[in-house]
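Peer 1: Sharing a sequence plus its predicted fold:
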Amino acid sequence: GNGSTGGSTAQNDELTVFSKRILASTEDVWKKIFEQNGLQYHYPKMVIFSDAVSTACGDASSSTGPFYCSGDQCLYLDLSFFSTMKRQLGASGDFAYAYVIAHEVGHHVENELGLLSKLHRQMDQCRSEAEANKISVRIELLADFYAGIWGYYENKTFKSLEDGDLEEAINCAHQIGDDYLQKSAGYRQIRAEAFTHGTSQQRMKWLKLGLTTGDISKGNQILSLPDNQL
């Protein structure tokens, strides 16, 4: 990290405990949903890091922000990302953290359903980066939708949230995510689901659809609708 000491270890411990609690909650929810659909859910692993980390998707530096690597089915959470959120968001930070973790778990769900490898293959066949990015946006929006599905079942975390809080948390998370990605330009070569893409309006739309319906089948629209209707 940036070499700062002091109260940061206590905060890191707190974040680690919080992250594990949210992850455990996503496990309960997705295990149940998969079972209802006659499927088995394999839990993702989680690595919390503060400097650099080696993954099956390549090496990531701190300042990468949180990401999911399908190669080792692992969520990588960067503590400095969460500290930045805490500073910028204060009280609504807890929801924003939970959302970030649930979003990355959403990529694991995509992987478990066989969607991620299918979409990655489509991206590899694209003629231009712009075309590939359009698929990438769908991967991100689907993860937002799945984060919302988790929120529907874990609604005590969300009950008190006004729309404004929801939007602020999401925008802040993505803003920091975009900043992080710009700072670590070389990171783009890693094939991992990093935290970016999609307009905030699109993200809110699909997150809220998950949050209000809890209906996993509605996510199919994200893969089938034309770009201008997402």
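Peer 2: Here it is on my side, so go on. Numbering: from 1, shown residues only.

Peer 1: could you point out which element follows the worst-scoring helix or strand of the chain on mean pLDDT?
Peer 2: Averaged element by element with mean pLDDT, DSSP states H and E, the chain has its least confident helix or strand at strand 193-194 (a mean of 54). Proceeding N to C from strand 193-194, the next assigned helix or strand is helix 200-213, under DSSP states H and E.

Peer 1: And the average pLDDT for that next one is what?
Peer 2: Summarised as a single mean, pLDDT over helix 200-213 is 86.

Peer 1: same check, this time on stretch 11-26
Peer 2: Rounded mean pLDDT across stretch 11-26 is 89.

Peer 1: Which residues does it contact?
Peer 2: 44, 46, 48, 50, 75, 77, 79, 82-83, 86, 94, 97-98, 101-102, 105, 150, 154 (CB atoms under 8 Å, 6 or more residues apart in numbering). No exception for glycine: its C-beta is placed from N, CA and C like everyone else's.

Peer 1: Just the buried residues of it, please?
Peer 2: 12, 15, 18-19, 22-23, 25-26 (16 or more other CB atoms under 10 Å).

Peer 1: Export it to CSV, keeping only CA atoms.
Peer 2: Written as CSV, here are the backbone C-alpha positions of stretch 11-26 (Å, rounded to 0.1, in the frame of the first residue of the first chain):
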residue,chain,number,x,y,z
GLN,A,11,-9.9,-0.8,10.0
ASN,A,12,-8.5,-3.6,7.8
ASP,A,13,-9.6,-6.2,10.4
GLU,A,14,-13.0,-4.6,10.5
LEU,A,15,-13.2,-4.7,6.7
THR,A,16,-12.1,-8.3,6.6
VAL,A,17,-14.7,-9.4,9.1
PHE,A,18,-17.4,-7.4,7.2
SER,A,19,-16.3,-8.9,3.8
LYS,A,20,-16.5,-12.4,5.2
ARG,A,21,-19.9,-11.8,6.6
ILE,A,22,-21.2,-10.4,3.3
LEU,A,23,-19.6,-13.3,1.4
ALA,A,24,-21.3,-15.9,3.8
SER,A,25,-24.6,-14.2,3.2
THR,A,26,-24.2,-14.4,-0.6
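
Peer 1: Alright, that wraps it up for me.
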